[in-house]
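**Q** Need the 3D shape of this:
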Amino acid sequence: MKIARPKSLTELVGEELRARIVDGRLRLGAALSENALAAELGLSKTPVREALLQLKLERLVEVLPQRGTYVFRLAADQVAPISELREVLEVAALKAAMARHRHALIRRLSEISDEMGKALKSSASVRYQRLDGEYHQAIIDLSGNPYFADAYGQIGFRIQALRSRLSDEARLNRLSIRDHREMLKLIKAGDVAAVIALMRAHIDHTKRCYLEILEQNDVLAQEVA
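**A** Residues are numbered from 1 along each chain as shown. Next up, the predicted model:
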């Protein structure tokens, strides 16, 4: 039996900050102070600085010379390209998962879908958005192609961070779970063409919701100014 290696302070800080960005506790564009974070976490600045550098590689934070470090912000003109890549990867992974591991895919998505229903019923929006991310990640993981997982890792946390900004909308969550349940139904039926069409429509709808939120934020910013 292999003994798990204890996580370093840098890894622990990275996990904590990543979780705060993904679940919305740190807003997009928020300034990040090494000193303040180190004081809050009761650590020296070194593991905080190293964790921020890792998050920079994941494109979850941006380091602006002579200005500081900020949580990433996604402009409207970036939403379409990242959604385009997401569609390419998830559709390809879905085809592969259905061809190679359909029964395992059905089991995993059924489990997640059931938990999503419980979270929605109890208005647990943070848990719901995490499960939503797990649903899509399961498709990537069960594709049988590690290169899909590597490529998806470049955008997965950013997509999840954006997803969390939609999870407070009960109406959007109801539409989301409807799509996820229908996808599962089509996967069980083995209808590849129909489930791929639904996946494309699902991703497109999510993209349009992101754009609407960005537009609303721009309007609010102009009103405040």
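**Q** Tell me which stretches of this protein form strands.
**A** Applying DSSP state E to the chain gives strands spanning 31-32, 61-64, 68-71.
**Q** Need those in JSON lines (columns: mean neighbour count).
**A** Any C-beta I mention is one placed from the backbone N, CA and C, and that applies to glycine too. As requested, the strands of the chain are exported to JSON lines (neighbours: other C-beta atoms under 10 Å):
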{"stretch": "strand 31-32", "mean neighbour count": "16"}
{"stretch": "strand 61-64", "mean neighbour count": "15"}
{"stretch": "strand 68-71", "mean neighbour count": "17"}
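**Q** possible to save those as JSON lines with distance to I139 and mean pLDDT?
**A** Below are the strands of the chain laid out as JSON lines (distance: least, C-beta to C-beta, whole Å; pLDDT from 0 to 100):
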{"stretch": "strand 31-32", "distance to I139": "32", "mean pLDDT": "92"}
{"stretch": "strand 61-64", "distance to I139": "27", "mean pLDDT": "88"}
{"stretch": "strand 68-71", "distance to I139": "27", "mean pLDDT": "90"}
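**Q** Figure out which of these is closest to G117.
**A** Nearest of the strands of the chain to G117, taken as C-beta to C-beta: strand 68-71 at 31.1 Å.
**Q** can you put the strands of the chain in TSV and add distance to H136?
**A** TSV is the format used below for these (distance: least, C-beta to C-beta, whole Å):
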stretch	distance to H136
strand 31-32	27
strand 61-64	23
strand 68-71	22
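**Q** Quick check: which of those is nearest to I155?
**A** Using C-beta to C-beta, the nearest of the strands of the chain to I155 is strand 61-64, at 15.0 Å.
**Q** The closest one: partners in the sheet, and parallel or antiparallel?
**A** Applying DSSP bridges, strand 61-64 is found paired with strand 68-71 (antiparallel).
**Q** contact partners of the strand it pairs with?
**A** When contacts are defined by C-beta atoms under 8 Å, 6 or more residues apart in numbering, strand 68-71 is touched by residues 21, 26-34, 52, 56, 60-64.
**Q** show me the contacts for the spatially most central residue of the chain.
**A** Centroid-nearest residue in the chain, with C-alpha atoms, centre = their mean: Q160, separated by 1.6 Å. Taking C-beta under 8 Å, 6+ apart, we find Q160 in contact with V22, Q129, R130, G133.
**Q** can you rerun that using 6 Å?
**A** Applying C-beta atoms under 6 Å, 6 or more residues apart in numbering, we find Q160 in contact with V22, G133.
**Q** What separation is there between it and I177?
**A** Shown here: Q160 relative to I177, a distance of 17 Å by C-beta to C-beta, to the nearest Å.
**Q** Repeat that for L64.
**A** Between L64 and I177 the computed distance is 38 Å (C-beta to C-beta).
**Q** Kindly report the same for E87.
**A** Using C-beta to C-beta, we find E87 at a distance of 20 Å from I177.
**Q** How about T46?
**A** Distance from T46 to I177, counting by C-beta to C-beta: 43 Å.
**Q** Compare neighbour counts for those two and give me the winner.
**A** Taking neighbours as other C-beta atoms under 10 Å, T46 and I177 compare with I177 leading, 19 against 13.
**Q** Hmm, M116 and that one touching each other?
**A** Yes - if you go by C-beta atoms under 6 Å, I177 and M116 touch, sitting 5.5 Å apart.
**Q** In the protein, which helix is the longest?
**A** If you go by DSSP state H, the chain has its longest helix at helix 192-224.
**Q** helices or strands up against that helix?
**A** Applying 3 or more C-beta pairs under 6 Å, 6 or more residues apart in numbering; DSSP states H and E, one finds that helix 192-224 contacts helix 76-100, helix 170-189.
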